[in-house]
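K.L.:
build me a model:
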Amino acid sequence: MKESIYIETSVVSYYVSKPSRDIIVLAHQQITSEWWPKAVKRFDVYISEVVVEEAAAGNKESDEQRLKELKGFPYLELYNIA
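P.N.:
Numbers count the residues shown, from 1 in each chain. Here you go, the predicted structure:
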């Protein structure tokens, strides 16, 4: 049985973004680029409605790339703990 992980929006954003001029952000992008293909094979990946909503915000080209990468992952249910 595979372990499960939850992917939040910044992870997929780093994966599909154009290389940054900021060296720290660029390092995050590079690490994510190497990690992503391995992780989606190794783990059961989950996302949420919030991730999809956030991934759809922004410029159209980036939105489409983020949503394409997130397609097919099952959603975790959101609970209001108040």
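K.L.:
the residue nearest the centre of the chain: what secondary structure?
P.N.:
Residue closest to the mean C-alpha point of the chain, counted by CA atoms, centre = their mean, is Val12 at 2.5 Å. Three-state call for Val12 (DSSP: H, G, I helix; E, B strand; the rest coil): helix.
K.L.:
show me what contacts it?
P.N.:
Val51, Ala55, Arg66, Glu69, Leu70 (CB atoms under 8 Å, 6 or more residues apart in numbering). Any C-beta I mention is one placed from the backbone N, CA and C, and that applies to glycine too.
K.L.:
per-residue pLDDT, the third one?
P.N.:
Yep, that's Arg66 we're talking about. Arg66 carries a pLDDT value of 95.
K.L.:
that one and Ala55, how far apart?
P.N.:
To Ala55, Arg66 is 4 Å away according to CB to CB, to the nearest Å.
K.L.:
shared neighbours of the two, anything?
P.N.:
Joint contacts of Arg66 and Ala55 (CB under 8 Å, 6+ apart) are Thr9, Val12, Ser13.
K.L.:
relative to Thr32, how far out is the residue nearest to the centre of the chain?
P.N.:
8 Å.
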